[in-house]
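> any chance you could fold what I've pasted below:
(2 chains)
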Number of protein chains: 2
Amino acid sequence: MTEWLNEVPWDKDGLIPVVTQEAGSGRVLTLAWMNRDALAETARSGEAVYWSRSRRKLWRKGEESGNVQKIREIRLDCDSDAVLLRVDQAGGIACHTGRESCFFRKLENGRWVTTDPVLKDPALIYGKK
Amino acid sequence: MTEWLNEVPWDKDGLIPVVTQEAGSGRVLTLAWMNRDALAETARSGEAVYWSRSRRKLWRKGEESGNVQKIREIRLDCDSDAVLLRVDQAGGIACHTGRESCFFRKLENGRWVTTDPVLKDPALIYGKK
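Model prediction:
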């Protein structure tokens, strides 16, 4: 039952970009990447698992913060080069800065302006001392 | 006033992935790509302009179909490696297949299943004879 994974034309690095959206609020939370193992594990476990390009390993979203993403839907686009996850975001926080969404800056009059509040201090989220 | 463009760490191909979301419905419409010129022109004109990786040229969304995307917001994510556009999608159709969203397939029981209706015949959208 891995035919569906074969339909994804993984790029030359074996990856595909993944848009993740909070199902309740509709807010776009993150743009991340998956390899084949990450997508397979996301579908199997029902929680988002990405490929960390910087750490070069599978990254179970929420493994440190507890802010896991429960999968409601996995979607594929028309030319199969992007995935969309609709999720329930635990804790209401997807960003490592303690904000709901990673897209917390908005272009205003030629500047990127931070528009979203920090909901929880990252030091508390990640238990740094 | 191009400082904001310099803050984008364009990838080795000079591109950044762009998520586009319908502002009204919250539906994620497309995942596309921009180079510096495309992002500058999107901000200047108030309509989405992408970089077509297949045609290797700027692509004014809706230039053939009329289904332009009017920009409501341009957002940047925390590590500046993705852009989010919130738009008003003219015609209610973003996909070349005549559907609202390009993400019209959903994983169900190990298969990609088409869940969204074609709203307009692509032959009518693109005027093929």
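
> hmm, stretch A:85-92 touching chain B?
No. Legend: contact between stretch A:85-92 and chain B by CB under 8 Å from any CB of the partner chain is lacking; minimum distance shown is 8.7 Å. C-beta: built from backbone N, CA, C; applies to glycine.

> tell me the secondary structure of residue A:102, please.
Classification of residue A:102 using DSSP: H, G, I helix; E, B strand; the rest coil returns coil.

> hmm, it is touching residue B:78, no?
Yes. Using CB atoms under 8 Å, residue A:102 is in contact with residue B:78, at 4.5 Å.

> outside of the longest helix along chain A, which residues touch it?
In chain A, with assignment by DSSP state H, the single longest helix is helix A:36-45. Outside of helix A:36-45, the residues within contact range by CB atoms under 8 Å, 6 or more residues apart in numbering or on different chains are A:2, A:5, A:8, A:10, A:14, A:16, A:34, A:48-51, A:58-59, A:71, A:74, A:83, A:85, B:107.

> buried subset of the residues you listed as a PyMOL selection?
Burial among the contacts of helix A:36-45 is assessed by 16 or more other CB atoms under 10 Å in any protein chain shown; the matching PyMOL selection reads:
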select buried, (chain A and resi 8+10+16+34+48+49+50+51+59+71+74+83+85) or (chain B and resi 107)
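
> in chain A, what residue is nearest chain B?
Nearest residue of chain A to chain B (CB to the nearest CB) works out as residue A:26 at 3.0 Å.

> burial count for that residue?
By the measure other CB atoms under 10 Å in any protein chain shown, the count of residues near residue A:26 is 15.

> any idea how far residue A:56 is from it?
Per CB to CB, to the nearest Å, residue A:26 is found 32 Å from residue A:56.

> and residue A:75, by the same measure?
Going from residue A:75 to residue A:56 by CB to CB gives 26 Å.

> same question, residue A:45
Where residue A:56 is concerned, residue A:45 sits at a distance of 21 Å (CB to CB).

> can you list the residues of chain A near chain B?
The interface of chain A toward chain B, taken as CB under 8 Å from any CB, is made up of A:1, A:3-4, A:7, A:17, A:19, A:21, A:26, A:28, A:30-31, A:43, A:73-79, A:81-82, A:84, A:95-97, A:99, A:102-107, A:110-112.

> show the buried residues in those.
Counted by 16+ other CB under 10 Å, these give A:4, A:17, A:19, A:21, A:28, A:30-31, A:43, A:74-78, A:81-82, A:84, A:95, A:97, A:99, A:102-107, A:112 as buried.

> got the phi/psi numbers for residue A:113?
phi -110, psi 130 (degrees, to the nearest 10).

> burial count for it?
11.

> quick check, pLDDT for the residue of chain A closest to chain B.
In this model, residue A:26 is scored at 97, pLDDT.

> the one 4 residues further on now?
The pLDDT attached to residue A:30 in the predicted structure is 97.

> and if you look at residue A:128?
Listed pLDDT for residue A:128 reads 59.

> equivalent analysis for residue A:41, please.
Looking at residue A:41, its pLDDT reads 98.

> so how far is the helix or strand following the longest helix of chain A from its chain's centroid?
On the C-terminal side of helix A:36-45, the nearest following helix or strand under DSSP states H and E is strand A:49-52. The chain centre lies 8 Å from the centre of strand A:49-52; the measure is CA atoms, centre = their mean, to the nearest Å.

> hey, where'd the strands end up in chain A?
Using DSSP state E, the strands assigned to chain A run over residues A:16-22, A:28-34, A:49-52, A:57-60, A:69-76, A:83-89, A:105-108, A:111-114.

> what touches both of residue A:102 and residue B:78?
Residues touching both residue A:102 and residue B:78 (CB under 8 Å, 6+ apart) are residue A:95.
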